[in-house]
Structure formats: C-alpha cells, structure tokens
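Student: Sequence plus the predicted model coming up.
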Amino acid sequence: MPPTVYEPSTTPPSSTISVSATSYALGANSGHRICAPEDLNIDMNIAEPEVYALAYFRELLTPGGIIIFDDYASMAHVAQKRALDAMAAKLDAAILALPTGQGMLIKA
C-alpha cells in the first residue's frame with residue numbers, strides 16, 4: 001500500500017506527514033480491520049504540530065515502527081528539536097540524531 005500523505009489545515013502548505021501502514025484483521029471472522037502505522041515521516045517545520053504528531057502517532061505505531069523527523073538536527077530548527085526531545089522524554093523514548101540532519105525514533 002502506498003504511503004498516505006496528510007496535510008493538516010493548521011500547518012503551512014509545505015507541511016506533510018507521510019504514513020506507511022498495514023491493515024490487520026481484528027478477528028478470524030469479524031470482517032473488521034484496523035490500520036496500524038509502521039513508519040512515519042514528519043516534516044511540518046513548526047515545533048508545536050510536530051510535537052502533537054509525535055504524541056498522537058507514536059501510540060498508533062506497531063512495535064519496531066519508525067518515526068523520521070525531517071529537520072530534527074538542523075541548526076535552523078533548534079526549537080523543534082528541543083520540543084520533540086521534551087515530548088519524547090515524557091513518552092519514555094529517545095530520538096536519535098542522524099548525520100542527514102533528521103531524527104529517528106523507534107517504538108519499543
């Protein structure tokens with residue numbers, strides 16, 4: 001299934017959240033399915049909505065799922081890094097800074 005791109009109306013037009021998800025059956029014959037994200041790429045360029053996205057989507061991620069934060073380690077986005085680090089600490093998680101300037105969180 002191709003990633004779904006959500007563009008929340010409260011963020012700038014260039015902001016995106018890309019989601020790759022898998023659909024899982026809830027029961028043998030229930031006919032109901034849930035969609036669980038496996039990985040996310042968050043690129044909103046604003047601290048507050050990125051923090052909300054982290055808090056919301058992390059709970060939905062499958063174990064081993066990955067969230068990539070596009071500008072996490074960029075010197076131009078220090079406020080985002082500080083805000084994301086604070087939320088990650090509240091969630092008992094950590095974000096790894098990558099050499100590309102991105103950040104990566106893996107759900108345990």
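Tutor: Okay, I see it.
Student: Which of the three states applies to Gln80?
Tutor: helix (DSSP: H, G, I helix; E, B strand; the rest coil).
Student: which ones are touching it?
Tutor: For Gln80, the contact set (C-beta atoms under 8 Å, 6 or more residues apart in numbering) comprises 45-47, 50, 69, 71-72. Glycine gets a C-beta too; all of them are placed from N, C-alpha and C.
Student: who's the closest residue in space to Ile66 that isn't next to it in sequence bridged to?
Tutor: Distance criterion C-beta to C-beta, 6 or more residues apart in numbering; nearest residue to Ile66, sequence neighbours excluded, is Asp39 at 4.5 Å. Beta bridges link Asp39 to Ser20, Ile66 when assigned by DSSP bridges.
Student: How many neighbouring residues does Asp39 have?
Tutor: 19 (other C-beta atoms under 10 Å).
Student: Wait, it touches Gly65, no?
Tutor: Yes. Using C-beta atoms under 8 Å, Asp39 makes contact with Gly65 at a distance of 5.8 Å.
Student: which ones among the contacts of Gln80 are found in strands?
Tutor: Those of the contacts of Gln80 mapping onto strands are Phe69, per DSSP state E.
Student: Include distance to Ala108 and pLDDT when you put the contacts of Gln80 into a markdown table, please.
Tutor: Formatted as a markdown table, these follow (distance: C-beta to C-beta, whole Å; pLDDT from 0 to 100):
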| residue | distance to Ala108 | pLDDT |
| --- | --- | --- |
| Asn45 | 28 | 85 |
| Ile46 | 27 | 86 |
| Ala47 | 24 | 89 |
| Glu50 | 21 | 90 |
| Phe69 | 17 | 92 |
| Asp71 | 24 | 88 |
| Tyr72 | 19 | 93 |
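Student: Quick check: the two most widely separated of the contacts of Gln80?
Tutor: Ile46 and Tyr72 (13.2 Å; C-beta to C-beta).
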